[in-house]
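Participant: Have a look; sequence and predicted model below, questions after that.
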Amino acid sequence: MTPQTSATSTPAVRKVALVSLTTDREFRKVRAHGQVIRHKYFQLRITDYRPRYGEVWQPRAIIGIVVPKKTLKHAVDRNRVRRRVHEALRTLPGLVPCRAILSPAAAVLTAPFDELQAALGKALGSFDPKKARRPAGKAGGNSGRTTGVQNRVNQTAEPSASPAKGEKP
């Protein structure tokens, strides 16, 4: 039995779900491997969407909206910016499956909604997964070498071979 469509119904379009980044681990991964896209309204750090191990493939846009106090002093303004950006993303047609951190600027408060939505759509559309940074090795970060500061600390922490002034050997 096939489903019937009426004359007024729209064709079934599979939408990409909009979900928030929640854990510190997710934020760190996006910061470490994300491609940066800058605009006068926001800074977007974005990586491609990959399901976690054992997770079923469900294309989702997992986006964390971060509005620091340095950008906007009052909580009312920060929340308003967050709501405007979230609504612009939610109503955006053709949302790309990705993981991203979006840091809006103060100009988002006064920006026309259509212009904000167009800028977000253009930025998300210009994302190229091949340009996203990849870790160098399996561990990714430290190569095992110590820095100069650590070497100096280690040298001063060792007991000296010669006695100090005033001490008897």
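Facilitator: All right, it came through fine.
Participant: Low-confidence bits of this structure, can you list those?
Facilitator: 1-14, 130-169 (pLDDT under 70).
Participant: The same query, at a cut-off of 80, please.
Facilitator: Applying pLDDT under 80 to the chain flags residues 1-16, 51-52, 55, 57, 128-169.
Participant: contacts for the longest helix seen in the chain?
Facilitator: Identified as the longest helix of the chain according to DSSP state H is helix 75-90. Helix 75-90 is contacted from outside by 18, 42, 61, 63, 65, 67, 69, 71-72, 95, 102, 104, 106, 108-109, 113, 116-117, 120, using Cβ atoms under 8 Å, 6 or more residues apart in numbering. (Each C-beta comes from the backbone N, C-alpha and C, glycine too.)
Participant: now the angle from the next helix or strand after that helix to helix 75-90?
Facilitator: Scanning forward in sequence from helix 75-90 by DSSP states H and E, the next helix or strand is strand 98-104. Relative orientation of strand 98-104 versus helix 75-90 (axes from the mean of the first three to the mean of the last three Cα atoms, to 10 degrees): 140 degrees.
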